[in-house]
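**Student:** 3D model of this:
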Amino acid sequence: MPMNAKGMSHDNEPGMDLSTDLADPTIQTNDHPERGRYEISVDGRLAGVSQYTLKAGVITLTHTEVGRAFDGRGLGSRLIADALDDARRLGRRVNPVCPFTARFIGSHPEYQDLVADASQGFIPPTTRSRRRTPDTRG
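**Tutor:** Next comes the predicted model:
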């Protein structure tokens, strides 16, 4: 389902242009539950993914990456924000196993209430190196 910069846009008609500035690239985030991942695309090209599992109303975000051709555009943050907004909209809790996702939540207090065990207080993991897989390189 397409999402725009302000969050989810599930109610829009298929093919509707959600961009407000035609000079900017079209960026869309889509949930692909059959693949267990959110995908972000730029002008129709796959730019990144956030893999997840879903069990008992808890979405476990396991791995996030953006292809090298799309580095430095904030797409990883956009992808995670859209996934977290979707989790909130659907009433899901979040288990941020992915280090990037955990750091994102740690620096964005507005999402910390989504963490599945938020009663323990949210502590982001230490910084780890990023891995890339061939299917997201642009």
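
**Student:** in the longest helix along the chain, which residues are buried?
**Tutor:** Longest helix of the chain, by residue count under DSSP state H: helix 75-89. Within helix 75-89, the residues scored as buried using 16 or more other CB atoms under 10 Å are 75-88. For every residue, glycine as well, the C-beta is placed using N, CA and C.

**Student:** same deal with stretch 90-99?
**Tutor:** Neighbour count says stretch 90-99 has 92-96, 98-99 buried, by 16+ other CB under 10 Å.

**Student:** could you dump those to TSV with distance to Arg45 and pLDDT?
**Tutor:** TSV is the format used below for these (distance: CB to CB, whole Å; pLDDT from 0 to 100):
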residue	distance to Arg45	pLDDT
Arg92	28	96
Arg93	32	96
Val94	27	97
Asn95	30	96
Pro96	27	96
Cys98	22	96
Pro99	25	96
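
**Student:** give me every residue that touches Phe42.
**Tutor:** Actually, residue 42 is Val rather than Phe. Counting by CB atoms under 8 Å, 6 or more residues apart in numbering, Val42 touches 25-27, 70, 73, 75, 138.

**Student:** by mean pLDDT, point me to the weakest helix or strand of this protein.
**Tutor:** Every helix and strand of the chain was ranked by mean pLDDT, DSSP states H and E. The lowest is strand 7-8, at a mean of 36.

**Student:** count of residues packed around Tyr52?
**Tutor:** A total of 25 residues lie near Tyr52 under the criterion other CB atoms under 10 Å.

**Student:** wait, it touches Arg37, no?
**Tutor:** Yes: counting by CB atoms under 8 Å, Tyr52 does reach Arg37; the two are 6.4 Å apart.

**Student:** any idea how far Ala116 is from Arg35?
**Tutor:** 22 Å (CB to CB, to the nearest Å).

**Student:** who's more crowded, those two?
**Tutor:** With neighbours defined as other CB under 10 Å, Arg35 and Ala116 compare such that Ala116 has more, 16 against 11.

**Student:** coming back round to it: make a markdown table out of the buried residues of helix 75-89 and add distance to Thr62.
**Tutor:** Below are those laid out as a markdown table (distance: CB to CB, whole Å):
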| residue | distance to Thr62 |
| --- | --- |
| Leu75 | 18 |
| Gly76 | 14 |
| Ser77 | 17 |
| Arg78 | 19 |
| Leu79 | 14 |
| Ile80 | 12 |
| Ala81 | 17 |
| Asp82 | 17 |
| Ala83 | 12 |
| Leu84 | 14 |
| Asp85 | 19 |
| Asp86 | 16 |
| Ala87 | 14 |
| Arg88 | 19 |
